[in-house]
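Asks: quick one: sequence and predicted model below, then my questions.
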Amino acid sequence: GSKEGLIREVVVESFEITDGSLTYEDRTKPGEPLKVGGFRLRVTNVVVTDPSRPIGIDLGMKLFEAAEENLTFEANVAVDPEKKNALLDKGKLTLAGSPILIDVSIEDYEKEKKVDAKTRASVAMNSVYALLPEAKKSLPPGSSLEGNLQLDLSAKGTPEEMALTAKVDLKEAAIQYGKTFLKPAGGTLDLSLEAAYTPAGVKVRNFAFHLLSAEISGDGALAAGAAQDLHLSLKSNPLNLKELVTLSPENKDLDVEGTPVITFDASGPLAKTDALALAGSLNADSLRYAEYLLTGLTGNFTFAKNVASINDLGFDLLDGRFSGSAVVDLNGEKPVW
């Protein structure tokens, strides 16, 4: 039994590091070193006699010699050495003012290593400029990022078998890439998927990408190993060309209409892209450009070993039926038709 006078609990209420600095330089790669200033760390409620009790972590720093803190992290962390469990609770990573919420639990971290992790974020699109100052200079003139990106990620399982889900929603973001692409705030733009990871590779199912009324969905797999064999199958809904062309400032006045459906398959070693084989099809009841109207459009296309081909092409135009095929060889200095 316990005796009078014995110390039962030792608590460190807090300890701090303030105004630290760090410079990291990768001498194997050219470029400016990463500089961190104003580094601070505060750890609270450390129960030395019971490490399973949560401790508080609060850190902050100024990346790239920023005038104000642009990266902070707060969380409660606990490790139970008897049950071999670990917990990161109410984690909040703030990047240039954008909060990312993180919760992670690990059950039996020595043997079973069961992980349950969730991440939710609302990220200001223009915060990338604060974290990557050179990013804006690399974009075409007139480019801008405004509004928020919503992110929801989860991972559950073990290192041998992990279930993953991801959703990225850019509906409230306004994105402009020079004169090529412009999506206003309120226009649908999102991506979601479910995946399963095993040592054999990654399988993706329920992949869905939406841009305005357009949808591309499908599934795929990427095998582990040096070759990284890829298998991917995608299909679109009827794509509203008149709507999609409005997303291009330099082409928004094109007089086009039609709702083609596209299928796309890719297979082969991802580590050797010239060995990838691509194949697909295009079908549309009608396509109109200015006064030219094509109906009953069908066709198949392939691309492998730098040779592109269109097969079984057919359409009706001016009361006649046209059909044909084409091959383009890109292996030489100039394309050969």
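Replies: In hand now; what should we look at?
Asks: can you give me the strands in the stretch 101-250 of the chain?
Replies: 114-124, 144-146, 148-158, 161-169, 174-177, 181-183, 189-198, 201-211, 214-223, 229-236 (DSSP state E, counting those that start in this stretch).
Asks: got those as TSV, with distance to P81, mean pLDDT and mean neighbour count columns?
Replies: Just so you know, the C-beta spots here come from the backbone N, C-alpha and C atoms, and that holds for glycine as well. Formatted as TSV, these follow (distance: least, Cβ to Cβ, whole Å; pLDDT from 0 to 100; neighbours: other Cβ atoms under 10 Å):
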stretch	distance to P81	mean pLDDT	mean neighbour count
strand 114-124	17	95	17
strand 144-146	45	91	16
strand 148-158	20	96	17
strand 161-169	25	97	15
strand 174-177	48	94	18
strand 181-183	51	95	18
strand 189-198	28	97	17
strand 201-211	33	96	16
strand 214-223	37	96	17
strand 229-236	42	95	17
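Asks: of those, which is nearest G296?
Replies: strand 229-236 (18.5 Å; Cβ to Cβ).
Asks: just the angle between the closest one and strand 201-211, please?
Replies: 20 degrees (axes from the mean of the first three to the mean of the last three Cα atoms, to 10 degrees).
Asks: which other helices and strands does strand 229-236 contact?
Replies: strand 214-223, strand 261-269 (3 or more Cβ pairs under 8 Å, 6 or more residues apart in numbering; DSSP states H and E).
Asks: neighbouring strands - and their directions - for the last one?
Replies: In the sheet containing strand 261-269, its partner strands are strand 229-236 (antiparallel), strand 277-289 (antiparallel), by DSSP bridges.
Asks: let's have those in CSV, adding distance to D253.
Replies: Listed next are the strands paired with strand 261-269 as CSV, based on distance: least, Cβ to Cβ, whole Å:
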stretch, distance to D253
strand 229-236, 24
strand 277-289, 13
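Asks: so which of the ones you listed is nearest K305?
Replies: Judging the strands paired with strand 261-269 by Cβ to Cβ, what sits closest to K305 is strand 277-289, at 8.4 Å.
Asks: the strands of the stretch 101-250 of the chain into a markdown table, with extra columns for distance to W337?
Replies: Listed next are the strands of the stretch 101-250 of the chain as a markdown table, based on distance: least, Cβ to Cβ, whole Å:
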| stretch | distance to W337 |
| --- | --- |
| strand 114-124 | 46 |
| strand 144-146 | 40 |
| strand 148-158 | 42 |
| strand 161-169 | 40 |
| strand 174-177 | 31 |
| strand 181-183 | 29 |
| strand 189-198 | 36 |
| strand 201-211 | 32 |
| strand 214-223 | 29 |
| strand 229-236 | 27 |
